[in-house]
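[1] Provided below are the primary sequence and the corresponding predicted coordinates.
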Amino acid sequence: MTDLVEQKCKPCEGGVPPLTPEAVQALLKALDAGWSVSDDGKWIRRQFEFTGFNRTMGFVNAVAWIANTEGHHPDLEVSYRNCMVNYMTHAIDGLSENDFICAAKIDRLVV
């Protein structure tokens, strides 16, 4: 995970293929085991649980800061004690290394 955490996202406007299933599986190993890949291989997701709303919102704000800093934004599903983080690179309708870079940085928030 250290290598991913130290990287910066690169702008992606499309025109490149999504990661292969083999590359996705290799990068997934660098993340917390809570991340999973969708059946169609187009996104990764992880459910985060907290003790209350304030902690959940603190996490959401930290994720937003990472997303804005990296220029790569997840889809978030937020409730009182939970936040589901979904990453995909919409410009290529699949996964890019950017998704894994951001996921690794988010993993560090809850170490």
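    Received, thanks.

[2] quick check: longest helix in this structure by residues?
    Among the elements of type helix in the chain, defined by DSSP state H, the one spanning the most residues is helix 53-70.

[3] outside of it, which residues touch it?
    Residues external to helix 53-70 that are found in contact with it (CB atoms under 8 Å, 6 or more residues apart in numbering): 8-9, 48, 50, 73-74, 76, 78-83, 85, 98, 101-102, 105-106, 109-110. In this view, the C-beta of every residue, glycine as well, is placed from N, C-alpha and C.

[4] how does it look with 7 Å?
    Applying CB atoms under 7 Å, 6 or more residues apart in numbering, the set of residues contacting helix 53-70 from outside is 8-9, 48, 50, 73-74, 76, 78, 80-83, 85, 101-102, 105-106, 109.

[5] buried subset of those, written for ChimeraX?
    This is how ChimeraX selects the buried members of those, with burial counted by 16 or more other CB atoms under 10 Å:
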select :9,48,50,74,78,83,85,101,102,105,106
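
[6] now, which of the contacts of helix 53-70 lie within helices?
    In helices, defined here by DSSP H, the members of the contacts of helix 53-70 are Ile101, Cys102, Lys105, Ile106.

[7] I figured the second one hits His72, correct?
    Yes: using CB atoms under 7 Å, Cys102 and His72 qualify as a contacting pair, with a distance of 5.3 Å.

[8] okay, the longest helix of the chain in PDB with CA atoms only?
    As requested, C-alpha coordinates have been extracted for helix 53-70 and formatted as PDB (Å, rounded to 0.1, in the frame of the first residue of the first chain):
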ATOM      1  CA  PHE A  53     -22.700  10.700  13.100                       C
ATOM      2  CA  ASN A  54     -19.900  13.100  14.000                       C
ATOM      3  CA  ARG A  55     -17.200  10.500  13.300                       C
ATOM      4  CA  THR A  56     -18.900   9.500  10.100                       C
ATOM      5  CA  MET A  57     -19.000  13.100   8.900                       C
ATOM      6  CA  GLY A  58     -15.400  13.700   9.900                       C
ATOM      7  CA  PHE A  59     -14.500  10.700   7.700                       C
ATOM      8  CA  VAL A  60     -16.600  12.000   4.800                       C
ATOM      9  CA  ASN A  61     -14.900  15.400   5.000                       C
ATOM     10  CA  ALA A  62     -11.500  13.800   5.100                       C
ATOM     11  CA  VAL A  63     -12.400  11.700   2.000                       C
ATOM     12  CA  ALA A  64     -13.600  14.900   0.300                       C
ATOM     13  CA  TRP A  65     -10.300  16.500   1.000                       C
ATOM     14  CA  ILE A  66      -8.400  13.500  -0.500                       C
ATOM     15  CA  ALA A  67     -10.700  13.500  -3.500                       C
ATOM     16  CA  ASN A  68     -10.200  17.300  -4.200                       C
ATOM     17  CA  THR A  69      -6.500  17.100  -3.600                       C
ATOM     18  CA  GLU A  70      -6.200  14.200  -6.100                       C
END
